[in-house]
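Novice: here is a sequence with its predicted model. Questions after.
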Amino acid sequence: MIPAKSSLDISLKGFTFRVDLTFKDAVDDPTYIYKTILTMTYTTFEIKKYRTSLFTTGAKMNLFDIGGVNFANLFFRPDSETLRDAYRDEEGIYRMFFHRSELKDVVDLLRNEAPVYLHVWDLGGNNTHLSTAREPVGEGEK
């Protein structure tokens with residue numbers, strides 16, 4: 001039985017985070033804390049508009065929310081480069097890195113699917129990603 005108040009230390013990429021959790025009641029399932037932490041670590045944005053800029057060395061895509069705010073930038077770098085992890089810059093804009101060969105796939109996703117989301121993994125690393133909503137199998141393009 002996990003008590004109604006618990007603390008948990010998480011080490012990730014050389015950083016240690018202390019998570020203090022308070023539950024309404026004691027918890028019988030020890031995986032409950034793990035599941036709770038996993039549900040707290042993603043921030044999700046719906047992408048409403050995008051702008052693509054092509055450069056000789058790569059490409060950049062700005063993502064905008066429903067209010068027209070640029071909340072994320074995607075950078076498409078040469079396929080030979082090692083990509084850095086996604087992060088949030090000092091202005092609060094999320095930055096994600098892809099290989100240039102993935103640009104067509106991202107444009108296709110944004111052009112042909114709706115809704116499309118950016119899921120940001122708040123604990124860092126490279127688990128930030130784009131996704132669609134759930135779709136029926138075999139729906140096909142209309």
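Specialist: Yep, that arrived. Just so we're clear, the structure is a prediction, and the values are computed from it rather than from any experiment.
Novice: so which helix or strand of this structure has the lowest pLDDT on average?
Specialist: Ranked by mean pLDDT, DSSP states H and E, the helix or strand of the chain with the weakest confidence is helix 31-40, at a mean of 51.
Novice: ok, E91 - how many residues close by?
Specialist: Here the count is done by other C-beta atoms under 10 Å, and E91 has 6 residues near it. Where C-beta positions appear, they are placed from N, C-alpha and C, glycine not excepted.
Novice: just the one 5 residues further on next, same as before
Specialist: Using other C-beta under 10 Å, M96 is surrounded by 23 other residues.
Novice: from what I can see it touches A72, true?
Specialist: Yes - contact criterion C-beta atoms under 8 Å: M96 and A72 qualify, at 6.7 Å.
Novice: between the two, which contacts overlap?
Specialist: Residues touching both M96 and A72 (C-beta atoms under 8 Å, 6 or more residues apart in numbering) are L118.
Novice: strands of this protein, start to end?
Specialist: With DSSP state E as the criterion, the chain has strands at 5-12, 15-22, 42-47, 49-55, 58-64, 70-77, 87-88, 94-99, 116-121, 129-132.
Novice: buried set for the last one?
Specialist: Taking 16 or more other C-beta atoms under 10 Å as the basis for neighbour counts, the residues of strand 129-132 that come out buried are L130.
Novice: got the domain ranges for this structure?
Specialist: 5-40, 44-132 (automatic domain parsing).
Novice: weakest of those domains in terms of mean pLDDT?
Specialist: When mean pLDDT is averaged over each of those, domain 5-40 scores lowest at a mean of 54.
Novice: tally of neighbours for L54?
Specialist: 12.
Novice: for it, which residues make a bridge with it?
Specialist: Residues in a beta bridge with L54, per DSSP bridges, are A59.
Novice: please apply the same query to F64.
Specialist: K49, N70.
Novice: likewise for F75?
Specialist: Assigned bridge partners for F75, using DSSP bridges, are K60, F97.
Novice: what's around it, how many residues?
Specialist: F75 has 16 neighbours, counted by other C-beta under 10 Å.
Novice: contacting residues for it?
Specialist: With C-beta under 8 Å, 6+ apart, F75 has these contacts: G58, A59, K60, R95, M96, F97, F98.
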